[in-house]
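Undergrad: this one's structure only:
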């Protein structure tokens with residue numbers, strides 16, 4: 001009878017050390033997952049921004065190739081693309097052009113448009129209106145979320161080494 005009163009029952013459960021080890025392992029896995037998720041998000045936003053910039057450059061090239069475009073050469077302003085008639089091959093939808101520097105915009109479709117041209121002399125023009133020699137190229141900037149920097153896509157002549165010099169000027 002006494003044996004039954006003092007009989008030791010088997011205690012089952014986890015010790016505090018075992019529980020702490022499990023919590024630490026879960027925390028490490030959560031940290032790895034969050035870092036990987038943020039990297040995937042940055043790459044996805046960069047890909048969307050790059051795609052929008054490539055689309056804008058292709059539309060600028062279509063504008064340049066269109067015989068019925070309002071001006072000769074590449075567009076002198078981004079509004080030539082975004083405000084074009086819906087029947088125009090160079091009509092650009094779904095992007096926003098800004099006149100300010102790109103610094104981690106919330107919308108991956110936020111871009112900057114530059115018209116590139118010359119004024120017929122060895123000096124570069126100060127404004128788009130001074131590009132009397134025509135607008136010979138276009139440059140579109142987008143934000144690279146992976147590297148936290150601005151990247152560029154170009155069409156036509158956007159270099160400054162020719163005679164006359166070519167300058168790219170912000171043209172929203």
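TA: Nice, thanks for sending it over. Note that this is a predicted model, so its numbers are computed, not measured.
Undergrad: and the top helix by length along the chain, average pLDDT?
TA: Ranked by number of residues, the top helix in the chain under DSSP state H is helix 16-65. Averaging pLDDT along helix 16-65 gives 94.
Undergrad: same for that helix, what does it pack against?
TA: Packing partners of helix 16-65 (3 or more C-beta pairs under 8 Å, 6 or more residues apart in numbering; DSSP states H and E): helix 79-82, strand 110-117, strand 135-144, strand 149-156. For the C-beta atoms, the positions are set from N, CA and C on the backbone; glycine is no exception.
Undergrad: who are the contact partners of the spatially most central residue of the chain?
TA: Nearest to the mean C-alpha position of the chain, by C-alpha atoms, centre = their mean, lies residue 49 at 2.9 Å. By C-beta atoms under 8 Å, 6 or more residues apart in numbering, the contact set of residue 49 is 108, 109, 110, 111, 142, 143, 144, 145.
Undergrad: from the residues you listed, pick the one nearest residue 152.
TA: residue 142 (7.9 Å; C-beta to C-beta).
Undergrad: isn't the closest one up against residue 105?
TA: No. Counting by C-beta atoms under 8 Å, residue 142 sits too far from residue 105 to count as a contact (9.1 Å).
Undergrad: so which of these two has more stuff around it?
TA: Taking neighbours as other C-beta atoms under 10 Å, residue 142 and residue 105 compare with residue 142 leading, 26 against 17.
Undergrad: distance of the more buried one relative to residue 24?
TA: Relative to residue 24, residue 142 is positioned 41 Å away (C-beta to C-beta, to the nearest Å).
Undergrad: next: residue 41.
TA: From residue 41 across to residue 24, the span is 26 Å (C-beta to C-beta).
Undergrad: out of the helices and strands packed on helix 16-65, the one nearest residue 170 is which?
TA: With C-beta to C-beta as the yardstick, what comes closest out of these is strand 110-117 (5.6 Å).
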